[in-house]
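[1] Got a predicted structure plus its sequence, pasted below:
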Amino acid sequence: MNTNQASASQERIARVQNGWILLPVLIGLLFADIALLIYSVKGGDQTDQPYTALLILSIVFLPISFTLLTGFFTLQPNEARVLVLFGDYKGTVRTSGFHWGNPFYTNGARQMAAMAQAAEAHAKAPGARAGTAAAPKTMGRNKISLRARTLNGERLKVNDKRGNPIEIAAVVVWRVEDTAQASFDVDSYENYVGTQSESALRHLASLYAYDYGEEHEITLRSNVTEVSQALRAELQERLAKAGVVVDEARLTHLAYAPEIAQAMLRRQQAEAVIAARQKIVQGAVSMVDMALKELAEKHVVTLDDERKAAMVSNLMVVLCGESEVHPVINAGTLYN
């Protein structure tokens with residue numbers, strides 16, 4: 001079985017002519033050909049017979065003139081055109097302005113329109129996902145936008161590292177870096193970006209726990225910066241095949257799935273109560289220890305172990321109790 005993969009394409013810069021220079025030249029040639037056609041049809045002054053050779057020459061050159069005029073095209077800033085001549089990649093034009101190139105360079109308008117119609121049909125299909133198949137903009141003449149684009153992914157329901165169902169979404173800022181790879185190495189680079197972004201986000205969510213990780217463990221909720229960097233690195237690795245550069249990737253939504261949200265909320269409340277109790281007990285123990293030391297150092301009263309235990313018990317009840325404490329005056333003694 002053949003396991004060889006197709007070699008990656010590589011962009012190279014192509015040179016084209018300045019359109020403003022060739023425009024008056026080609027228009028002049030067109031008018032000259034029309035004048036030659038009229039002259040050859042009228043013929044000579046005496047015979048009034050057309051000049052056959054000039055007539056044939058002017059007729060042949062007329063469609064050539066119109067064909068040459070179709071070679072003009074414009075590029076806006078951050079826009080490129082891929083030049084393909086009879087199936088052979090000739091290069092990419094990145095300079096903005098008015099240009100003229102070979103009129104037989106492939107016009108990709110029909111192909112791009114078919115891609116747009118296919119994406120639109122997919123978006124209207126039942127169960128279609130809005131964030132994965134956006135209709136590409138029909139630019140024509142194999143033009144590719146080099147501007148930064150934003151892919152706002154939809155909310156995905158996945159399982160985290162511990163198997164808990166969560167909802168997660170991300171936004172990806174990307175742009176085309178290599179127009180040859182974007183045009184020839186993938187079928188539709190825009191759909192490729194959407195599909196790979198969803199796949200990378202699902203894989204990332206399965207690598208980290210939502211929260212409550214072990215010590216120094218990265219979690220989705222507590223380490224948003226680290227998780228976003230990991231998502232960008234994985235996306236860049238996946239999208240490099242399409243000549244795409246990922247400028248930024250970050251999480252925009254993160255929550256437990258609705259079916260376990262209430263249970264997790266109660267868990268968070270319980271852990272918050274436990275953490276608060278621990279703080280209260282630690283503070284109460286330090287205050288009791290300080291009180292006993294102060295009484296002993298200042299010789300206020302001498303307490304034996306039994307009286308110390310009773311004092312510690314009373315202070316702990318006062319300091320750790322949630323309700324208001326009412327003192328009780330003991331008129332007796334601890335000993336019978």
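    All right, it came through fine. Since the structure is predicted, the reported quantities are computational estimates derived from the model, not experimental observations.
[2] ok, how many other residues are close to residue 161?
    For residue 161, the count of nearby residues is 15 (other Cβ atoms under 10 Å). C-beta coordinates here come from the backbone N, C-alpha and C atoms, glycine included.
[3] swap in residue 240?
    Around residue 240 sit 16 other residues, with neighbours defined as other Cβ under 10 Å.
[4] Which pLDDT value goes with it?
    pLDDT for residue 240: 93.
[5] and it, what does it touch?
    Residue 240 makes no contacts at all, as judged by Cβ atoms under 8 Å, 6 or more residues apart in numbering.
[6] and what of the one 4 residues further on?
    Residue 244 makes contact with 174, 175, 176, 177, 182, 189, 192, 193 under the criterion Cβ under 8 Å, 6+ apart.
[7] The strand or helix carrying residue 83 packs against which elements?
    Secondary structure assignment for residue 83, by DSSP states H and E: strand 79-85. When contacts are defined as 3 or more Cβ pairs under 8 Å, 6 or more residues apart in numbering; DSSP states H and E, strand 79-85 packs onto strand 88-93, strand 143-145, helix 179-184.
[8] isn't residue 171 right up against residue 150?
    Yes - between residue 171 and residue 150 there is a contact at 6.3 Å, judged by Cβ atoms under 8 Å.
[9] So for those two, which residue has more residues nearby?
    Between residue 171 and residue 150, residue 171 has the larger neighbour count (other Cβ under 10 Å), namely 17 against 10.
[10] Quick one: mean pLDDT over the host helix or strand of the more buried one.
    Element membership for residue 171 (DSSP H and E) is strand 165-176. Strand 165-176 shows a mean pLDDT of 93.
[11] now that strand, how far from the centre of its chain.
    Distance of strand 165-176 from the chain centroid (Cα atoms, centre = their mean, to the nearest Å) equals 5 Å.
[12] what's the angle between that strand and strand 79-85?
    Strand 165-176 and strand 79-85 are oriented at 70 degrees to each other (axes from the mean of the first three to the mean of the last three Cα atoms, to 10 degrees).
[13] In its sheet, which strands sit next to strand 165-176, and in what direction?
    Partner strands and pairing direction for strand 165-176 (DSSP bridges) are strand 149-152 (antiparallel), strand 156-159 (antiparallel), strand 244-256 (antiparallel).
[14] For this protein, which segments count as helices?
    Secondary structure of the chain (DSSP state H): helices located at 19-42, 52-69, 109-124, 179-184, 189-205, 224-239, 258-297, 305-320.
[15] would you list these in a markdown table and tack on mean neighbour count?
    Below are those laid out as a markdown table (neighbours: other Cβ atoms under 10 Å):
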| stretch | mean neighbour count |
| --- | --- |
| helix 19-42 | 14 |
| helix 52-69 | 14 |
| helix 109-124 | 14 |
| helix 179-184 | 21 |
| helix 189-205 | 20 |
| helix 224-239 | 18 |
| helix 258-297 | 12 |
| helix 305-320 | 13 |
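[16] for the spatially most central residue of the chain, what are its contacts?
    Nearest to the mean C-alpha position of the chain, by Cα atoms, centre = their mean, lies residue 172 at 1.4 Å. Shown in contact with residue 172 (Cβ under 8 Å, 6+ apart): 150, 151, 153, 193, 197, 235, 246, 248, 249.
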